[in-house]
Every structure is written in structure tokens, then in C-alpha cells.
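**Student:** Starting from these lines, generate the structure:
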Amino acid sequence: MAEISSNLIKELRERSGAGMMDCKNALAQTDGDIEAAINFLHEKGLGKAAKKADRLASEGLISIEISNNFQVATISEINSETDFVAKNEKFINLTKNVTSHIQTNNILHVESLQESAIEGKNFTEYLNSQIATIGENLVVRRFVTIRANDDTSIVNGYVHSNGRVGVILGAKCSSKEIAVKAADLLKNIAMHAAAMKPVYLSYKELAPDFIEKELVAFKANLEKENEEARRLKKLEKKIPLYGSKAQLSDEVLSGVKAELEAELKAQGKPEKIWDRIIPGQLERFIADNTQLDQQYALLSQFYVMDDSKTVGQIIKNRADELGGSIELVEYVRFELGEGLEKKVDDFAAEVAAQLN
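**Tutor:** Purely as a prediction, here's the structure:
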């Protein structure tokens, strides 16, 4: 039998895209003949990974792994080429195994993942073997892990049943007991975030120039809607002065309160009942003038399970019930294929390519 050198194995890996052990075995089976080894790998379905790697993978699954003690949460996006493969049991198991591997080994970057070992193999080899078995290009696109700092913190998450969107959250509580009882609340809020698509945790994360730009666009859209409402003789929507709580300074709110008091006085309302009317009107003003927060910031959105309250109010109410505090401090949301160009199949071209 010819000696199988490391350089020969390396060359075969580069030409075939197969894993190192598969290349070594193929060369052993073909007495070191690299062309025969390529054919051997091809016949075994092990030499397809390199060719498939050029194909866009924009489908796939979002997967989450939550530790049993709710102290560690990992979310990943692993892409395939088609949604058909995304429903394949082998691919589903792959996403679960990889997400668990990332969490267990505290892997923080895709580069570190590729250098790690899983099931006794280098990760790249492991993934290539899965590509050969499943028959499509597969890509671990991104992942994030959040960890509780101590036993007064808690994490939880939710992935939608179709695997196309997932959320993980972290909260800091005033005690270990409250943290344990907050786990279900976090899952429900994660479900809300999956559906309502907030970009940020808090309105405080919105940049001033972003707010100004988005408010101009928001007002312009309302003006167009009102033009149509006038044409149809329907009720017009009120155009807000502001878009975010970040713009509602104490001075602004004091001025609004003074205007409300002046209106009540002009209406002849007794001053002794103003304090029962003004808080509700002020709350309405804030709601009308923080619509960008409601669109982009999780804590400012009206909760899908009780739209009379914001997510922030729901959290505070639950904390008050438990006799302590709950502060949401981390938020990660993945939606499948965000930012990726979607594959458009040209069936005729694909058939022609296979015939050539």
C-alpha cells in the first residue's frame, strides 16, 4: 500500500471539500491515487460540500437552548438552501446539536466554532459531512449566548413553531425567589417580541438623529392617510408633535399640563376635579407622541396579551405582585434570513446546467 502523506490528504480535501478522515480513508481505499479517491468520495456522496458551499443558504432554522436553571440562553441561526430541508429531521437535529455545543463550550464567535471539536471531529469536517448527507449547503450564520450574572438574574426565550423567529431575554431581579418566578413572564414577553418585531430594548437606545428622521417620515405617512380620509370623508388621524419619550422633557410635559389645565378652566370644570382628569389626558398625550418608541422599543410596546398596558408596565405590575423588582437588561431577536438575498430558482437554467 502506498504511503498516504499529509500533503496528499490536504490536496484531496481542497479538491473535494470532504473531511480529513474521509479523505484519508478514500486514499487508503484507492492506494493513494488522488483521482480515484475523488471518484470514490463522489460515489459515497462525500465530495459535494465544496461545490455546495457556493450556493446561497437563506432558509433554515432559528434554534434556542435554555439551560435547566434558566441561567444560560443561546440563540442561533443555521441556514440551508431550501425550506424543504429546514423541515428535515436530520437538519433539525443538527441545529439542536450545534446550538447546544455552542452553549456548553462557551463559544462566542463563528471563527471559534469552526476551530472547535464536535462528536470527535473538527467542526468544519463535521459540517461538511452533514452537507454531504443532507444534500444542501449549510451555514452557521450567527449565534449569541446570554448568561445570568448571579442567582438574582434569569434568562428565558421563545422560538416560534416554524423556526423562523426566536428571542432570548435576560432580567435582573431583586431576589433569587423573584428571579425564579419571573421565568414564565420572560417567555411570554419573548413571544410578544417574536410577533411585534421591536429592534431595541428601550427607547433610550434610539439615536436623536434617527428619531428626527423617522418622525418626519411618520408624519408624512399620516398626512397621506389623512388626505385619503378627507377624500372618503372619514375621521382624520392626529399628527403628533413628537415621536419618542426621549423628546418629552420635563419642560415639554409641564407645558402640556399647563395647556390641559387652561382647557379645563375654559370648559368651566371645577379645579378640585382636575387631578382626576389631567393624569389620563397626559398619559394619552404621551402615548400619542411616543409612537416611534412603540414601533422600535420593546418596553414601550403595548403588550399583545393586554394591549391596555405596555410591556414595561406589565413587568412592573408583576414585580409589584411579587414584592420586588424585575428589570429587563438583555434582548436578542433573530429572524431567519435577515439581510440575506433570497434565492430565486430558475428551473430551466438549473436543468440546462445539469445537462452540460
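**Student:** got the CA coordinates for stretch 246-266 in PDB?
**Tutor:** Provided in PDB are the C-alpha atoms of stretch 246-266 (Å, rounded to 0.1, in the frame of the first residue of the first chain):
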ATOM      1  CA  ALA A 246     -36.600  60.900  24.600                       C
ATOM      2  CA  GLN A 247     -38.100  64.200  23.300                       C
ATOM      3  CA  LEU A 248     -40.600  64.600  26.100                       C
ATOM      4  CA  SER A 249     -38.500  66.700  28.500                       C
ATOM      5  CA  ASP A 250     -39.900  67.900  31.900                       C
ATOM      6  CA  GLU A 251     -40.300  71.300  30.300                       C
ATOM      7  CA  VAL A 252     -42.400  69.800  27.400                       C
ATOM      8  CA  LEU A 253     -44.600  67.900  29.800                       C
ATOM      9  CA  SER A 254     -45.000  70.900  32.100                       C
ATOM     10  CA  GLY A 255     -46.100  72.900  29.200                       C
ATOM     11  CA  VAL A 256     -48.600  70.200  28.100                       C
ATOM     12  CA  LYS A 257     -50.000  70.100  31.600                       C
ATOM     13  CA  ALA A 258     -50.500  73.800  31.700                       C
ATOM     14  CA  GLU A 259     -52.400  73.700  28.400                       C
ATOM     15  CA  LEU A 260     -54.600  70.900  29.700                       C
ATOM     16  CA  GLU A 261     -55.400  73.000  32.800                       C
ATOM     17  CA  ALA A 262     -56.200  76.000  30.700                       C
ATOM     18  CA  GLU A 263     -58.600  73.900  28.600                       C
ATOM     19  CA  LEU A 264     -60.400  72.600  31.700                       C
ATOM     20  CA  LYS A 265     -60.700  76.100  33.100                       C
ATOM     21  CA  ALA A 266     -62.100  77.300  29.800                       C
END
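**Student:** for that stretch, which positions count as buried?
**Tutor:** For stretch 246-266, burial by neighbour count (16 or more other C-beta atoms under 10 Å) applies to Ala246, Gln247, Leu248, Val256, Lys257, Leu260, Glu261, Leu264. Every residue, glycine included, has its C-beta placed from N, CA and C.
**Student:** List the contacts of the longest helix along the chain.
**Tutor:** Ranked by residue count under DSSP state H, the longest helix found in the chain is helix 208-231. The contact list for helix 208-231 (C-beta atoms under 8 Å, 6 or more residues apart in numbering) reads Leu235, Glu236, Lys237, Ile239, Pro240, Tyr242, Gly243, Ser244, Ala246, Gln247, Gln291, Leu292.
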